[in-house]
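In: Mind looking at a prediction? Sequence and model below.
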Amino acid sequence: MLKSALTIVLLGEPGRHRLRVVMTLWTLLVYLLFVVLLLTMQAYGLIETRTAFGLGTYCVLGSAGFYLLLRSRLSERMSVEPSLMVWQNLHSVLAVIWAYSAVAPVRGAVLAILVLIVAYGMFALSARQARWLALLSLLLLAAAMLWKSRTDPQAYPASVEAVHLAVVTIVLLGVSALSIRMGALRKSLRRQKQELEASLEQIRVLATQDELTGLVNRRHMMDMLRAEQARQQRSGRGMSLVLIDLDHFKRINDGFGHQVGDAVLRTFVDSVLHSLRGTDVLARWGGEEFLLMLPDTQASEALQTVQRMRDSLMPLAFEAISPDLELTFSAGLATCQPGDSIEAVIDQADQAMYRAKEAGRNCTVCI
Ligand code: GH3
Ligand code: MG
Ligand code: MG
């Protein structure tokens, strides 16, 4: 029972639905056992045949009905509470009180079942619903006891009924205390689960994103490159890789400070991203270096993209920092054919980028 409650807290909606259906099936099975018990009691003359038949039919038909409603998901349209737990518990309580009124010699044993149902309800229902169920059960039981002690005082002496009621009340109070603790446990589990999900999301972001620019980081880019390479093996198409390094970036830092340098890096990223297609990926490769992956792209197309990026930097004005601040970059382009080693192609792009630096910067060299 405890495990089921914890599972409900930890599972998603499809899992919950399956769990609800399975639990209702188990309840149906318990009712079938109860019918066997009724038949045994009937054989020993402890219950009238008519009552045993009526009670058995009520239990099995009711429980089978709940199972079908839940299984067909009809319950989700009928009630805000798709498990119909309140109704299932109420159905069980009525069955037990009926049994209590019908099996005078063994009614003490029936009380144990009533306590079990209310205890189960405390774990399966909300605290408020469970309290109402416990109270209603006690009231119905008291009413049944009163009625039986009036109509059949020999089998149901008032003093014995009073003791029974007192015992059931004490046990239910104990179970209530337990359920309050259980409720607190469930609440803290739910909170822990939410915190865990938030932390996992944070870890995922930290593991894949560059904090300053929001771009894909180097580690995640390597994963994406390998995934793209695997896709290339199937499609047979190549891709282009461009290594980009901002020119004389140290001067910006030295001249205007590291914070301005950070702002310039962000501005660079915001400006060039518009020149890329949805499938292109720009990653922060390190410091003021960026790696651009252009899937299914030949060198000529890639060169055009890099030119667009260059053009997008032209209108950038850094008047707030310095009117003569100009942002340019050097780029090295290499193409990766299916079967090529990613590391080797990145190396080629790196060499091309250094050649672009040697050639005077603000240009692209293609290998
Ligand atoms: P080159 O044209 O030869 O590439 O010259 P450069 O000055 O850009 O090259 P260098 O490698 O000498 O300097 C890169 C500078 O980039 C040094 C480093 O402090 C700066 N840098 C690296 N990462 C960051 C960062 O996250 N923020 C800031 N503000 N600066 C950074
Ligand atoms: Mg550099
Ligand atoms: Mg540089």
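Out: Great, that's in hand. Ligands and ions are numbered 1, 2, ... in the order given.

In: can you list contacts of the helix or strand where R251 lies?
Out: For R251, the element it lies in under DSSP states H and E is helix 249-256. The contact list for helix 249-256 (Cβ atoms under 8 Å, 6 or more residues apart in numbering) reads 260-261, 264, 287-288, 321-322, 325. Bear in mind the C-beta positions are built from the backbone N, C-alpha and C, glycine included.

In: starting at the chain centroid, how far to the helix ranked longest in the chain?
Out: Secondary structure of the chain per DSSP state H: the longest helix is helix 158-208. Computed by Cα atoms, centre = their mean, to the nearest Å, the chain-centroid distance of helix 158-208 equals 20 Å.

In: just stretch 284-303 next, same as before
Out: The answer for stretch 284-303 is 36 Å, by Cα atoms, centre = their mean.

In: 7 is where my numbering starts, stick with that
Out: Let's use 7 as the start, then, which means that last one is stretch 290-309.

In: near ligand 1 at all, it?
Out: Yes - Stretch 290-309 lies within reach of ligand 1 by Cβ under 6 Å from any ligand atom, at 293-294.

In: domain assignment for this protein?
Out: In terms of domains, the chain is parsed into 8-208, 224-372 (source: automatic domain parsing).

In: Measure how far the last one is from the centre of its chain, please.
Out: Okay, so that is domain 224-372. The answer for domain 224-372 is 37 Å, by Cα atoms, centre = their mean.

In: Show me which residues of this structure sit near ligand 3.
Out: The chain comes close to ligand 3 at residues 251-252, 255, 294, as judged by Cβ under 5 Å from the ion.

In: Let me see the confidence value for the residue located most distally from the centre of the chain.
Out: Relative to the C-alpha centroid of the chain, counting by Cα atoms, centre = their mean, Q160 is the outermost residue, at 58.3 Å. Note on Q160: pLDDT of 95.

In: Can I get the buried part of the contacts of helix 255-262 as one ChimeraX selection?
Out: Filtering the contacts of helix 255-262 down to the buried ones (16 or more other Cβ atoms under 10 Å) takes a single ChimeraX command:
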select :266,267,270,294,327,331
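
In: Using pLDDT, spot the least trustworthy of the contacts of helix 255-262.
Out: Ranking these by pLDDT, I327 lands last with 72.

In: isn't there a helix covering S246?
Out: No - read with DSSP: H, G, I helix; E, B strand; the rest coil, S246 is strand and lies in no helix.

In: ok, and the closest non-adjacent residue to it?
Out: Nearest non-adjacent residue to S246, counting by Cβ to Cβ, 6 or more residues apart in numbering: A308, 3.6 Å away.

In: thinking again about what came up before, can you tell me which of the contacts of helix 255-262 is nearest A150?
Out: G293 (80.8 Å; Cβ to Cβ).

In: what separates the closest one from T303, distance-wise?
Out: 25 Å (Cβ to Cβ, to the nearest Å).

In: got it, and E295?
Out: 20 Å.

In: Same drill for the two, tell me which one is more crowded.
Out: T303 (23 against 17; other Cβ atoms under 10 Å).

In: Contacts only, for the residue nearest to the more buried one when sequence neighbours are not counted.
Out: Nearest non-adjacent residue to T303, counting by Cβ to Cβ, 6+ apart: S246, 4.6 Å away. Applying Cβ under 8 Å, 6+ apart, we find S246 in contact with 299-300, 303-305, 307-308, 339-342.

In: Nothing else from me, thank you.
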